[in-house]
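Peer 1: Starting from these lines, generate the structure:
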Amino acid sequence: MAFDGCFVTGTDTGVGKTLVSAALLHALARHHARVVGMKPVAAGLVQQAGVWVAEDALALRAASTVAVPPALDNPVMLPEPLSPHLAAARAGRRVGVAELVAAHRELRGLADVVLVEGSGGWRVPLNDDETLADLAVALALPVVLAVGLRLGCLNHALLTAEAIRADGLRLAGWVASAVDPDMACRDENIDTLRQRLGAPLLGLVPWQPVPDARAVQLELPETWR
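Peer 2: Purely as a prediction, here's the structure:
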C-alpha cells in the first residue's frame, strides 16, 4: 500500500515534536505534491492580531504544501496549556477519538500525505476513557518518535517504543531532538538508542535558539519517498 501519512509522538511534552513534524513535512514535500500537517488537539492558545491561535498548528501549516480548512487540520483548540482531558474539561467540552478520525478522513481527501502530530507523550488522556494512543491506533499510521535529548531520555524513549509496539503499531523511525544544549554524553546516549530502539534514526535536530524547520535535515524511510 502506498505511503499516505505518519503519526508523530514524543517522549514527553516540550521535546520538539512540532519542529520535528515541520521538518518531516518539508522532507516529504520533496517527494509528494500535496502534503499537510494535522494537529488534532492543541491545548494552549496565544492571541495574534486579536485572534486566538495554536502556535503548533501554525507551524505545521507553514510547512504544508496545501491549505485546508482550520477545522480539519486543527479540529480541537483548547485555551489552557494542560493535558487534553483537563483542558477540555475546563473548556466545558469532551474530546473523543471519533471526531478526530472524522477530520483526518476528510483531510485524506485533500492531500497525498497527512502527517499527524500528537500532544505530549504516547499515553496522554483525551477523556476519561481514551488516550492519544487510541487515536494513533484508530488511524493505523506508522509512528515517528521524537526523542528529547536530556537526562532520562533513554528510559522515556525505550518505554515509549515498547508501548507503541504493544499497541500493535510500527515504530518507523525516531528523531533525536537536542532540547538540552548542555546535555552530558549526548552522542553516547544517541548510540545507546541506536542499539536498543530497533528503528532507524532519521536525523538529529540540533539545538536552535530560534526554531527553523527548513534547516533540519532528515532522512526519510525509502518507502515514504
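Peer 1: CA atoms for contacts and neighbours, from now on please.
Peer 2: Will do.
Peer 1: Could you list the low-pLDDT ranges of this structure?
Peer 2: For the chain, the stretches with pLDDT under 70 are 1.
Peer 1: What's the local residue count around the closest residue to Asp112 other than its chain neighbours?
Peer 2: Using CA to CA, 6 or more residues apart in numbering and skipping residues adjacent in sequence, the residue nearest Asp112 is Arg34, 5.1 Å away. Neighbour count for Arg34, taken as other CA atoms under 10 Å: 16.
Peer 1: what does Val41 give?
Peer 2: For Val41, the neighbour count with other CA under 10 Å is 25.
Peer 1: Quick check: it touching Asn74?
Peer 2: Yes - assessed by CA atoms under 8 Å, Val41 is found in contact with Asn74 at 6.5 Å.
Peer 1: if I pick the residue nearest to Asp112, what's in contact with it?
Peer 2: Residues in contact with Arg34 (CA atoms under 8 Å, 6 or more residues apart in numbering) are Ser64, Thr65, Val66, Leu110, Ala111, Asp112, Val113.
Peer 1: again with Pro81
Peer 2: Pro81 neighbours (CA under 8 Å, 6+ apart): Ala43, Gly44, Leu45, Ala87.
Peer 1: Report the separation between the last one and Leu169.
Peer 2: Summarising the geometry, the distance separating Ala87 from Leu169, computed by CA to CA, to the nearest Å, is 27 Å.
Peer 1: Of these two, give the one with the bigger neighbour count.
Peer 2: Ala87 (22 against 17).
Peer 1: wait, the more buried one sits on Arg94?
Peer 2: No - Ala87 is beyond contact range of Arg94, at 9.6 Å (criterion: CA under 8 Å).
Peer 1: before we move on, the earlier item: reformat the contacts of Pro81 as a markdown table; add secondary structure and distance to Cys6.
Peer 2: Converted to a markdown table, these look like this (DSSP: H, G, I helix; E, B strand; the rest coil; distance: CA to CA, whole Å):
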| residue | secondary structure | distance to Cys6 |
| --- | --- | --- |
| Ala43 | strand | 21 |
| Gly44 | coil | 24 |
| Leu45 | coil | 25 |
| Ala87 | helix | 25 |
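Peer 1: which pair in those spans the largest distance?
Peer 2: Leu45 and Ala87 (11.1 Å; CA to CA).
Peer 1: intersection of neighbour lists for those two?
Peer 2: With CA under 8 Å, 6+ apart as the test, Leu45 and Ala87 both reach Leu78, Pro79, Glu80, Pro81.
Peer 1: what's the spacing between the first one and Ala91?
Peer 2: It stands for Leu78. Taking CA to CA, one finds Leu78 at 7 Å from Ala91.
Peer 1: who has more neighbours, those two?
Peer 2: Between Leu78 and Ala91, counted using other CA under 10 Å, the more crowded position is Leu78 (25 against 13).
Peer 1: Excluding chain neighbours, what is closest to that one?
Peer 2: For Leu78, ignoring the flanking residues on the chain, the nearest one in space by CA to CA, 6+ apart is Ala43 at 4.6 Å.
Peer 1: before we move on, the earlier item: now, among the contacts of Pro81, which is nearest to Ser119?
Peer 2: Taking the contacts of Pro81 together and measuring to Ser119 by CA to CA, the closest member is Ala43, at 8.2 Å.
Peer 1: I'd say the closest one and His85 touch.
Peer 2: No - counting by CA under 8 Å, Ala43 does not reach His85; the two are 9.6 Å apart.
Peer 1: How about the closest residue to Ala29 other than its chain neighbours: which residues does it bridge to?
Peer 2: In this structure, Ala29 finds its nearest non-sequential neighbour in Val35, 6.0 Å apart by CA to CA, 6+ apart. Judged by DSSP bridges, the bridge partners of Val35 are Val113.
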